[in-house]
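Enquirer: Sequence plus predicted model, see below.
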Amino acid sequence: MSSKKLFYAGQFRRAIWLADESGRFRAEKYFTSSQPRDRAKLQSLIEKHCDERHGIRNKQKFRHEEDGIFVFKSFQDRLFCFEEQDRLYITHGLRKKQDALLRKDLEIAFRLRRHHQAG
């Protein structure tokens, strides 16, 4: 089973769902289980980021959190990701329920990036 699935091929980047250690595509599952309106907003952000040379510059929509981990933000929805060259690997998603981002949510992204880079 593959550990990656292409989500969107843009002009400057490719967005890829990344599987966790057990082969689950957490971000894709979160995305597909979201309400259609929320899913459309997230998809629009990802496509815009992939189709623009410098990506999204609006920190309210796409923000660097720590050590190369970024987050797409749409209202309470979050999709965590990291970039390698022209690829955007989307690790997992969540519905934010409090103001501060929890450390454990960043740790999931770090762990999945390490797993990807080791494999």
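Expert: Here it is on my side, so go on.
Enquirer: what's the nearest residue to residue 19 if we skip its chain neighbours?
Expert: Closest residue to residue 19 apart from its sequence neighbours, by C-beta to C-beta, 6 or more residues apart in numbering: residue 3 at 4.3 Å. Backbone N, C-alpha and C define where each C-beta goes, glycine included.
Enquirer: So that neighbour versus residue 43, what's the distance?
Expert: Applying C-beta to C-beta, to the nearest Å, the value for residue 3 to residue 43 is 22 Å.
Enquirer: same deal with residue 67?
Expert: With C-beta to C-beta as the criterion, residue 67 and residue 43 are 26 Å apart.
Enquirer: Check residue 83 too.
Expert: 18 Å.
Enquirer: More neighbours: the two, which one.
Expert: residue 43 (17 against 14; other C-beta atoms under 10 Å).
Enquirer: So the more buried one: helix, strand or coil?
Expert: Classification of residue 43 using DSSP: H, G, I helix; E, B strand; the rest coil returns helix.
Enquirer: let's number from 40 now, not from 1
Expert: That works, and once the first residue is 40, the last one we named lands at residue 82.
Enquirer: who touches it in this structure?
Expert: 47, 70 (C-beta atoms under 8 Å, 6 or more residues apart in numbering).
Enquirer: Ok, the one 10 residues further on next?
Expert: Applying C-beta under 8 Å, 6+ apart, we find residue 92 in contact with residue 51.
Enquirer: Now it, what are its backbone angles?
Expert: Per-residue torsions, residue 92: phi -50, psi -50 (degrees, to the nearest 10).
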